[in-house]
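**Q** Test case, fold it:
(6 chains)
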4 protein chains.
Amino acid sequence: MSAGDARSRKRAPGAAYDPRMAERPDPNDHPPRRSFIERARRAQIVEAATQVVAELGYAGTSLARIAEKAEISKSVITYHFENKDEILRLVVSQFFERGWERMSGHVEAESTASGQVRAWIGSQLEFYAEHRAEFLAMSQIMANHRTPEGSPAFAGELTEEVDALTEILQRGQRDGEFRDFDARGVATIILRCADGVLGSWAVDDSTRLVDQIPALLDFVDHAIRR
Amino acid sequence: MSAGDARSRKRAPGAAYDPRMAERPDPNDHPPRRSFIERARRAQIVEAATQVVAELGYAGTSLARIAEKAEISKSVITYHFENKDEILRLVVSQFFERGWERMSGHVEAESTASGQVRAWIGSQLEFYAEHRAEFLAMSQIMANHRTPEGSPAFAGELTEEVDALTEILQRGQRDGEFRDFDARGVATIILRCADGVLGSWAVDDSTRLVDQIPALLDFVDHAIRR
Amino acid sequence: MSAGDARSRKRAPGAAYDPRMAERPDPNDHPPRRSFIERARRAQIVEAATQVVAELGYAGTSLARIAEKAEISKSVITYHFENKDEILRLVVSQFFERGWERMSGHVEAESTASGQVRAWIGSQLEFYAEHRAEFLAMSQIMANHRTPEGSPAFAGELTEEVDALTEILQRGQRDGEFRDFDARGVATIILRCADGVLGSWAVDDSTRLVDQIPALLDFVDHAIRR
Amino acid sequence: MSAGDARSRKRAPGAAYDPRMAERPDPNDHPPRRSFIERARRAQIVEAATQVVAELGYAGTSLARIAEKAEISKSVITYHFENKDEILRLVVSQFFERGWERMSGHVEAESTASGQVRAWIGSQLEFYAEHRAEFLAMSQIMANHRTPEGSPAFAGELTEEVDALTEILQRGQRDGEFRDFDARGVATIILRCADGVLGSWAVDDSTRLVDQIPALLDFVDHAIRR
DNA sequence: AATGAATGAGGGTTCATTCAT
DNA sequence: TATGAATGAACCCTCATTCAT
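**A** Residues are numbered from 1 along each chain as shown, chains lettered A, B, ... in the order given. I've put the predicted structure just below:
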């Protein structure tokens, strides 16, 4: 079966490994084979959606405005995507995936726990600073998108991230790098800290984010170091 | 246009002093004298709006749903308020004002700088923990509300807050309580940290917020102490 | 509470007693009090909907065309009715109710079973013949309307009708008016017979329906008489 | 436009002799020669359309859903058929043709008029009972399909059927089998009667149709017998 | 002080059909 | 022979706001 517009009906918003976005894995649900054109269009639309959300906010994002931004007709969007939900989820998952790839590389390159924590926070903030629009869009969507039933669509997506950082903190404690504290609680705090700083930058980019990174790294360092 | 009707057209969303919510001050724009009934209605509607935003999110909030929640006719809302914007701004400013009152009391009761920082964070989180719906509504509106032109309506509302905390940190440094750091940068970080923790609690209230407060206080303490 | 457009949200498409249309009774669900204007508008819209369905068929009926027929704006419709479904159900139930009133009067006026059968069929066909558009609309909607889940919305609405006619037939058998047959099966056949004749008239009104009534009465008479 | 493409543009929905479906005969419009593949594809699509109409109703039938049911691309449909109308007409005409073949065989095997009437009704109902989906689809389409101008597409398709049955009835009267009545009127009634019973079975198949056939035959027998 | 009525703009989505390959 | 891509029209419905009463 290969029914053009029917195709997107079958597929889950494909995402590679990703600690937050973990999709219920379905081995039978192989990703649809897409033509070059289709992949290009989908990328174009997701990109346009990202820009619109970043500029106009979640509530200001409509298919009409995405189409306008992409300079295509609204029908092109509904042809290539099942619905608006699919697009918004892709905006989040694709960007998150890219960020995670970058971060995990930097983290794994470090040997000490404190080095890994710094790499984690530093590379995360750097990455987001380099992709402000995508970050804004992701934030907006995660904060606002809901399931048809009304519950937040992206709740509880961050436990795996907390788990991973907790492990690093615990190793740091065993190795004597870090003082004694509740690793899980502090992992949450550190991640939320970074989010918070990003959030303030999100609403007001007058302070250049990259300039704040050293201060944050220093802050966290003092907070957890023995 | 009736007299009561005209009245709401003129007035600024009355708010006491408030470092974040500072309205463009207009000495000529004396607050409108409102009847008891009018004040009661406005309070009822703001309260209903708060609940709706907390439950359904910013994008899910409509005048119809606010009216339904308040068990009044939609027209009552448009009679007592100029437009939706006025209501949402009041949800934010009124709640922020109440929070600021609580916090400033606790902060001023402390003599040392570190005591004031702890009082600040602790009382802020406590207050929000006690008023989850209001906090959720405020967060949603601040993150989403836009001017008619499309720019965030609540950008740059936090500089005064940062200023106040910066002052405390600087005093702590002068008094030898805190180590050397960029006071303004760290003030921002601390405030964003608290916001971040609140944000994680907002999307997932399984972890009781009050239980996380000591950990956060401890975290900040170590981060800034000499 | 009395929120204008919210009002229709609460109410079931009101219908008096009616053997087919029997609504799940909810004693708490008192019918909404409607203003004169509202009742007039609703009647106007239901009437326009009836005409549109009769002329263009179920699939050709849209809110836009109903609005056009009623010479009002589309928004007026969505203001006075919850949705299209409510309108279509009213087209059916109101007309059926009126028909049932007429028929039951004629039936009860007869003393013999065979008189009642003739009164039933005759008055039913007469009534429909007098209200061709309403009958066509009712037929179209009953044949086509579905629940959101996809099952026919008006299935099983006719068992009570069959029950009532069955009773008459059985009495006729006890009284020696009718020959021996399966009363329930024949009741179904008679009712379907009348429906069938109506159906042929529905698609082709060249044959005047009232002229066919005596033939049908005669036909049924011979079929069931001793 | 390709050759194959052009082909379907020219052709009338081929149908053998059929008293109801009689197409405006055009001696010049010889049926298009179709390849084996084309014939197979067309049959497959008509079959899928039949199922979709039976399940989802006329208004719920779209080319997309037909394609989905047939597990082919939507374009395959528009390639092999000029438009949706052609498919729906074929669903009706092909099925009617098959039914007519079956019926006429049974009718011609009978010698008496009453035998022929019974054979007519009995074999018709039997045939439909054996092909419920096709019958439902045919009913839905005949009741709903319209010309582009909005008038019923299948109005007046039954006069030939009535003519044929009228002839049988008249012969029965001449032969003394049947009592005196208006043959044409009764022919219509009988046919509509059968349709009505089928219609009740269509919306509610809990009563097994074949079990009702004897009752209907008996009913008609008494109605017309001397 | 209150509200029922109305409305135009815009929301996301489905649809049959056209066209180039 | 087949189909992916595209599209404009139409669909029902929600919305904030205006107006007359």
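**Q** Going by C-alpha atoms from here, please, whenever you check contacts or count neighbours.
**A** Fine.
**Q** Against chain B, how distant is residue A:111?
**A** Distance, residue A:111 to chain B, using CA to the nearest CA, to the nearest Å: 23 Å.
**Q** ditto for residue A:162
**A** From residue A:162 over to chain B the distance is 11 Å, taken as CA to the nearest CA.
**Q** From residue A:201, how far out is the most centrally placed residue in chain A?
**A** The residue lying closest to the centre of chain A (CA atoms, centre = their mean) is residue A:96, at 2.8 Å. Residue A:96 is 18 Å from residue A:201, where distance means CA to CA, to the nearest Å.
**Q** Stretch A:166-175 near chain B anywhere?
**A** No: judged by CA under 8 Å from any CA of the partner chain, stretch A:166-175 and chain B are separated, with a smallest distance of 13.6 Å.
**Q** and that stretch, what's its mean pLDDT?
**A** Mean pLDDT, stretch A:166-175: 96.
**Q** ok, and for it, which residues are buried?
**A** For stretch A:166-175, the neighbour count (16 or more other CA atoms under 10 Å in any protein chain shown) marks A:166, A:168, A:169, A:170, A:171, A:172, A:173 as buried.
**Q** Go ahead and produce CSV holding the CA coordinates of that stretch.
**A** C-alpha atoms of stretch A:166-175 as CSV (Å, rounded to 0.1, in the frame of the first residue of the first chain):
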residue,chain,number,x,y,z
THR,A,166,21.4,11.3,39.2
GLU,A,167,23.8,8.5,38.2
ILE,A,168,26.6,10.9,37.5
LEU,A,169,26.1,12.7,40.8
GLN,A,170,26.1,9.5,42.7
ARG,A,171,29.3,8.4,41.0
GLY,A,172,30.8,11.8,42.0
GLN,A,173,29.8,11.2,45.6
ARG,A,174,31.4,7.7,45.6
ASP,A,175,34.6,9.2,44.1
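**Q** Other residues contacting that stretch?
**A** For stretch A:166-175, the surrounding residues in contact (CA atoms under 8 Å, 6 or more residues apart in numbering or on different chains) are A:112, A:113, A:114, A:116, A:117, A:178, A:179, A:180, A:183, A:184, A:186, A:187.
**Q** mind putting these in CSV, secondary structure, neighbour count and pLDDT included?
**A** CSV is the format used below for the contacts of stretch A:166-175 (DSSP: H, G, I helix; E, B strand; the rest coil; neighbours: other CA atoms under 10 Å in any protein chain shown; pLDDT from 0 to 100):
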residue, secondary structure, neighbour count, pLDDT
A:112, coil, 16, 96
A:113, helix, 23, 97
A:114, helix, 21, 95
A:116, helix, 22, 97
A:117, helix, 22, 97
A:178, strand, 21, 97
A:179, coil, 14, 95
A:180, coil, 14, 94
A:183, helix, 22, 95
A:184, helix, 17, 91
A:186, helix, 22, 93
A:187, helix, 22, 94
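**Q** of those, closest to DNA strand E?
**A** Of all the contacts of stretch A:166-175, residue A:187 has the smallest distance to DNA strand E: 36.4 Å, by CA to the nearest atom of the strand.
**Q** Apart from its chain neighbours, what residue comes closest to the closest one?
**A** residue A:166 (5.4 Å; CA to CA, 6 or more residues apart in numbering or on different chains).
**Q** Could you check how far the helix or strand hosting the one you found is from the centre of its chain?
**A** Using DSSP states H and E, residue A:166 falls within helix A:159-174. Distance, stretch centre to chain centre, for helix A:159-174: 20 Å (CA atoms, centre = their mean, to the nearest Å).
**Q** Then stretch A:99-113?
**A** That offset, for stretch A:99-113, works out to 16 Å (CA atoms, centre = their mean).
**Q** Pull out the buried residues from that stretch.
**A** Applying 16+ other CA under 10 Å to stretch A:99-113 flags A:99, A:100, A:102, A:103, A:106, A:107, A:112, A:113 as buried.
**Q** swap in stretch A:196-212?
**A** The neighbour-count check on stretch A:196-212 (16+ other CA under 10 Å) flags A:196, A:197, A:198, A:199, A:200, A:201, A:202, A:203, A:204, A:209, A:212 as buried.
**Q** check the residues you listed against chain D, which are close?
**A** Near chain D, taking CA under 8 Å from any CA as the test, no member of the buried residues of stretch A:196-212 is found.
**Q** how about JSON lines for the residues you listed, with secondary structure added?
**A** Below are those laid out as JSON lines (DSSP: H, G, I helix; E, B strand; the rest coil):
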{"residue": "A:196", "secondary structure": "helix"}
{"residue": "A:197", "secondary structure": "helix"}
{"residue": "A:198", "secondary structure": "helix"}
{"residue": "A:199", "secondary structure": "helix"}
{"residue": "A:200", "secondary structure": "helix"}
{"residue": "A:201", "secondary structure": "helix"}
{"residue": "A:202", "secondary structure": "helix"}
{"residue": "A:203", "secondary structure": "helix"}
{"residue": "A:204", "secondary structure": "coil"}
{"residue": "A:209", "secondary structure": "helix"}
{"residue": "A:212", "secondary structure": "helix"}
